[in-house]
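Engineer: mind folding the following:
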Amino acid sequence: MFDVDAFLQATQLVIDWWMVPLVVFGVFWGIVFSAIPGLSGSTGMAVLLPFCFTLGPLYGLVLLLGVYTGAMWGGAIPAILINTPGSAPAIFTGLDGYPMARQGKASEALGMSIMASVAGGLVGSLALMVIIFPLASVTLRFGPPEMFMVAIFGLTIVSALAGKAFSKALLAGMFGMFLGMVGLSHTGTMRATFGSVDLLDGIPLMPVLIGMVAMPELFNLMARSSTKLSVDGQLPSLRRVWQGCVQTLQRPKILLQSSFVGLFVGALPGTGGDVASIVAYNESRRLSDRPDLYGKGNPDGLIAAEAANNSQEGGAIATMLALGFPGSSGTAVLLGALIMQGWVPGPRLFTENAPIVYAAILSTFFSLFALLALGILMCGVGARISRAPAKIVVPCIVVLTFIGAYVIRSSLFDVMILFVFGLLGWAMRRRGYPPAAVILGLVLGPMADAELVRIYQSFPEGIWAIFTRPISGLMAAVVAFFLLRSLFKTLTVRRAPTG
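Structural biologist: The predicted structure is shown next:
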């Protein structure tokens, strides 16, 4: 139910002059990072994460949400101008955005992507404001069996959505859960510390997050040469960018349709902007009177992809806050920020910090208006940023990441953890093991461990209590379904004759 008192308290929290520079800087930072081919918004969030720890709970969360919002659009700049998407969802933006640029409509395409992003984001934020507390009220009924299955369910869903790499994603998630159990257990037993005092509190989440998310992308970026601006080297025109924004509002049907598709897909655990974009793009093409124009510079395709990419943010954040598992690298970083501040996503977050939650959601509206203004003004700057040579970008970001890892606890051990997990994340990506699954396992591991202990303490039948309760039993059935389906697909592929 909508909490009016908490909402009124939240409005007082966001009416703070510090919010304006935080939101503007966050959106700017997100655009810059996602505009560089090879980097992403999650990398920018990971770099800022240690510094957010010093700002306080609300300020830090607002800053990261600003980065998240800016990054949702920034990847469209190189996708449209040089056909080099700055993020996975921007691939579908470039399918029609780059042909438009080749036709001399680069400015209009950028304007359309900005307005579609803002409109989709508004739909997602409004839905987030409405559904987040009813969703949390459902989770209030969760006991230890349900919370244990939430951890297992989240890991399995994310792994299942990895497609052909299901087994690798599942192994990576299980490895992350093992890492999450290092240190003192809930019964006071030391596990896998190897006599190291630094590991008594477990493997620090922050260096692992930065290492697994940011460092592999930096390693890959170092192998790239600087890109070149196409479309005759012309920079976008602000007047024509604004015209593109207006043209987007003249297509309300495709805008709203794709926004609601993205919202629904984003609420599903384990999905992200890329899944939302491709589903909305395909639906737009399927319902179009001229599907043959898609991929050739059709504005509807560009608008569909960008609107869905941004509206999924509302569903993804709702799932992350209410259930405690992220659906993408960006929400994984947000989850890490919450845990750093001592907040536990789930029912307690809403009962104990309702004004903070509402204030964070309200800040997303400010971020969207900042995105509209900065997006229009930064089209030309973004075009130059997308050509930035790796030899300049990489050293600056590496320095920031190592400083960030050190300042949290003033520990060189955390710097070593960052470097080790950076190399591990890079090697995993090369072998097809998703690092995001490791992060998810690291986050969910302690939760599953604690709830399993509570199950044995509270229920005489032990682990079998999961199957005697309807919600946890349903989750167990879904987990079994995904495991059996993936096993069947694997066996089918192996038995299939090779030509």
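Engineer: ok, then the element right after the helix or strand of the chain with the lowest mean pLDDT?
Structural biologist: Lowest mean confidence among the helices and strands of the chain (mean pLDDT, DSSP states H and E): helix 379-385, at a mean of 66. Using DSSP states H and E, the helix or strand that follows helix 379-385 in sequence is helix 390-407.
Engineer: just the CA trace of that next one, in PDB.
Structural biologist: Listed in PDB are the C-alpha atoms of helix 390-407, where the atom choice follows Å, rounded to 0.1, in the frame of the first residue of the first chain:
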ATOM      1  CA  ALA A 390      42.200   3.800 -25.100                       C
ATOM      2  CA  LYS A 391      45.800   4.900 -24.100                       C
ATOM      3  CA  ILE A 392      44.300   8.000 -22.400                       C
ATOM      4  CA  VAL A 393      41.100   6.600 -21.000                       C
ATOM      5  CA  VAL A 394      42.300   3.300 -19.500                       C
ATOM      6  CA  PRO A 395      45.100   4.700 -17.200                       C
ATOM      7  CA  CYS A 396      42.800   7.300 -15.800                       C
ATOM      8  CA  ILE A 397      40.100   4.800 -14.900                       C
ATOM      9  CA  VAL A 398      42.600   2.300 -13.600                       C
ATOM     10  CA  VAL A 399      44.000   4.900 -11.100                       C
ATOM     11  CA  LEU A 400      40.500   5.700  -9.900                       C
ATOM     12  CA  THR A 401      39.600   2.000  -9.400                       C
ATOM     13  CA  PHE A 402      42.700   1.300  -7.400                       C
ATOM     14  CA  ILE A 403      42.300   4.400  -5.300                       C
ATOM     15  CA  GLY A 404      38.600   3.500  -4.700                       C
ATOM     16  CA  ALA A 405      39.500   0.000  -3.600                       C
ATOM     17  CA  TYR A 406      42.100   1.300  -1.100                       C
ATOM     18  CA  VAL A 407      40.200   4.200   0.500                       C
END
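Engineer: what's the spacing between it and its chain's center?
Structural biologist: For helix 390-407, the distance between its averaged C-alpha position and the chain's averaged C-alpha position is 21 Å (CA atoms, centre = their mean, to the nearest Å).
Engineer: please renumber the chain so that the first residue is 166 from this point on.
Structural biologist: Renumbered: residue one is now 166, and that last one reads helix 555-572.
Engineer: pull out the buried positions in the very next helix or strand once past that helix.
Structural biologist: Once the chain leaves helix 555-572, the next helix or strand it forms, by DSSP H and E, is helix 577-595. Of the residues in helix 577-595, those scored as buried under the neighbour-count criterion (16 or more other CB atoms under 10 Å) are 578-580, 582-584, 586-587, 589-591, 593-594. For every residue, glycine as well, the C-beta is placed using N, CA and C.
Engineer: same question, stretch 529-549
Structural biologist: Buried residues in stretch 529-549, counting neighbours by 16+ other CB under 10 Å, are found at 529-533, 535-537, 539-541, 543-544, 546-548.
Engineer: go on, stretch 263-280?
Structural biologist: Result for stretch 263-280 [16+ other CB under 10 Å]: buried residues 263-266, 270-280.
Engineer: could you check how many residues crowd around Leu287?
Structural biologist: 18 (other CB atoms under 10 Å).
Engineer: so who does it touch?
Structural biologist: Leu287 makes contact with Phe530, Leu533, according to CB atoms under 8 Å, 6 or more residues apart in numbering.
Engineer: might one say that Glu448 is in contact with Ser424?
Structural biologist: No. Taking CB atoms under 8 Å as the definition, Glu448 is not a contact partner of Ser424, at 11.7 Å.
Engineer: which of these two has more residues huddled nearby?
Structural biologist: Ser424 (30 against 16).
Engineer: quick one: pLDDT of the more buried one?
Structural biologist: Model confidence at Ser424, expressed as pLDDT, equals 87.
Engineer: from Tyr523, how far off is it?
Structural biologist: 22 Å (CB to CB, to the nearest Å).
Engineer: what do you get for Val444?
Structural biologist: In terms of CB to CB, Val444 sits 30 Å off from Tyr523.
Engineer: kindly report the same for Met314.
Structural biologist: Using CB to CB, Met314 is found at 29 Å from Tyr523.
Engineer: for Leu178, same thing?
Structural biologist: As defined by CB to CB, Leu178 lies at a distance of 8 Å from Tyr523.
Engineer: now swap in Val603 and tell me
Structural biologist: Counting by CB to CB, the gap between Val603 and Tyr523 amounts to 32 Å.
Engineer: okay, those two: which has more neighbours?
Structural biologist: For Val603 and Tyr523, the more surrounded residue by other CB under 10 Å is Val603, and the numbers stand at 27 against 24.
Engineer: which phi and psi does that one have?
Structural biologist: As for Val603, its main-chain torsions (degrees, to the nearest 10) stand at phi -70, psi -40.
Engineer: tell me the contacts of it?
Structural biologist: Contact partners of Val603, counting by CB under 8 Å, 6+ apart, are Ala337, Gly338, Phe340, Gly341, Leu344, Val373, Met377, Gly590, Met593.
Engineer: which ones among these map onto helices?
Structural biologist: Judged by DSSP state H, the contacts of Val603 include Ala337, Gly338, Phe340, Gly341, Leu344, Val373, Met377, Gly590, Met593 as members of helices.
Engineer: between these, which is nearest Ile636?
Structural biologist: Within those, distances to Ile636 taken as CB to CB reach their minimum at Gly338, with 21.9 Å.
Engineer: right, and that closest one touches Leu605 too?
Structural biologist: Yes. With contact taken as CB under 8 Å, Gly338 and Leu605 are classed as touching, separated by 5.9 Å.
Engineer: name the residue in the two with the higher neighbour count.
Structural biologist: Counted by other CB under 10 Å, Gly338 and Leu605 do not tie: Leu605 has more neighbours, with 31 against 28.
Engineer: ok, the more buried one to Met612 distance?
Structural biologist: Plainly put, Leu605 is 11 Å away from Met612 if you go by CB to CB.
Engineer: what about Val608, which helix or strand?
Structural biologist: Taking DSSP H and E as the criterion, the element that holds Val608 is helix 600-623.
Engineer: for Ser423, give me its contacts.
Structural biologist: With CB under 8 Å, 6+ apart as the criterion, the residues that contact Ser423 are Ala281, Gly285, Ala445, Glu448, Ser449, Ile468, Ala469, Ala470, Ala472, Ala473, Ser476.
Engineer: could you confirm the third one falls within a helix?
Structural biologist: Yes. Going by DSSP: H, G, I helix; E, B strand; the rest coil, the assignment for Ala445 places it inside a helix.
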